[in-house]
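>>> Here's my sequence, what's the structure:
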Amino acid sequence: MTGDLRTMIREAADFLHANGVGEADTGLILGTGLNDYSDCIEDPVIIPYSEIPHMDPGKVEGHRGQLIYGKRRGKNVVILAGRYHYYESADIRITSFPARVLAALGIKRMIITNAAGCVNSSWKAGQLMLIRDHINLSGQNPLIGPNLDEFGTRFPDMTYTYSAELREKIIKKAAAAGVVLTEGVYTMMSGPSFETPAEIRMIRTIGGDAVGMSSVPEAIIAAHAGLEVVGISLLTNMAAGILDQPLTGEEVTEAGRQAEAAFAKVVDIALEV
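Numbering: from 1, shown residues only. As a prediction, this is how the structure comes out:
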């Protein structure tokens, strides 16, 4: 990605406003397991990433590569149906650009979803985890470079990135709806190779409960912009070394399909609270 970042964000946001994207309460980033959630949006405006200035469409299976604007549960929402992962280009500016555009559109809350490997050996695959904190082991930070002062301070505090108040409300409402949520620490690795058993032991030792290859850059951008952040992980598989079997991308995708209804229910709750 080349060019002035501030100008590129403005051009993308202006394009979206000119093509039917209005004010929104919430931005939602869909990961594996929520591919069809955007089909529930009322009166959708659907714009392929390939048409949005400076937005890379990405090529990961199960990610639509569309921005959808409309209503869900009485809220105006902007959805990123798919994300561009850091491992696809090794350019953190490309990875975090869609989240920056969401912030520029004026949202107040960002809901970030993902599929993750389960590191906590007392849990099991198929559970849903609310992110209470994260560990960034990707080696990158999307705020490196000139600070965009109109979005936030040079050195944003990350202590309260994932709202404890929102997590408490979501857990209570989810329980009432028959969905059990756990809370934990999400760890980001760069990928695309899955982690080694030794790396999983390290992550467990330093306090990680789940591991994946996304979400942290978006959470940092949201925190920098002063947005409320909700992070939801679908624990699609036990991480390397916990079970005596290899990991596959197909396993992650299939687990996402099986948990889609519960996953979508939790996202609806996160929109409403």
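>>> And R83, how far from L30?
For R83, the distance to L30 equals 8 Å [CB to CB, to the nearest Å]. (Glycine included, C-beta is placed from N, CA and C.)
>>> count of neighbours near A239?
Applying other CB atoms under 10 Å, we find 30 residues neighbouring A239.
>>> Could you pull up the contacting residues of the closest residue to it other than its chain neighbours?
Distance criterion CB to CB, 6 or more residues apart in numbering; nearest residue to A239, sequence neighbours excluded, is G117 at 3.8 Å. Residues near G117 by CB atoms under 8 Å, 6 or more residues apart in numbering: 194-195, 200, 210-212, 235-240, 247.
>>> got the residue ranges for the strands in the stretch 1-150 of the chain?
26-30, 42-48, 66-72, 75-81, 109-118, 128-136 (DSSP state E, counting those that start in this stretch).
>>> Most neighbours among the contacts of G117, which one?
Counting neighbours by other CB under 10 Å, A239 leads the contacts of G117 with 30 neighbours.
>>> quick one, what contacts that residue?
By CB under 8 Å, 6+ apart, the residues touching A239 are 117-119, 195, 200, 203, 211, 247.
>>> Which parts of the stretch 1-150 of the chain are helices?
5-18, 92-104 (DSSP state H, counting those that start in this stretch).
>>> of all these, which lies closest to L148?
helix 5-18 (5.8 Å; CB to CB).
>>> Return the set of buried residues in the closest one.
5, 8-9, 11-13, 15-16 (16 or more other CB atoms under 10 Å).
>>> What lies in contact with it?
With contact meaning CB under 8 Å, 6+ apart, helix 5-18 is reached by 1, 47, 52-55, 67, 69, 93, 97, 100-101, 104-105, 145-146, 148, 150.
>>> That helix to helix 92-104, inter-axis angle?
Relative orientation of helix 5-18 and helix 92-104, computed by axes from the mean of the first three to the mean of the last three CA atoms, to 10 degrees: 50 degrees.
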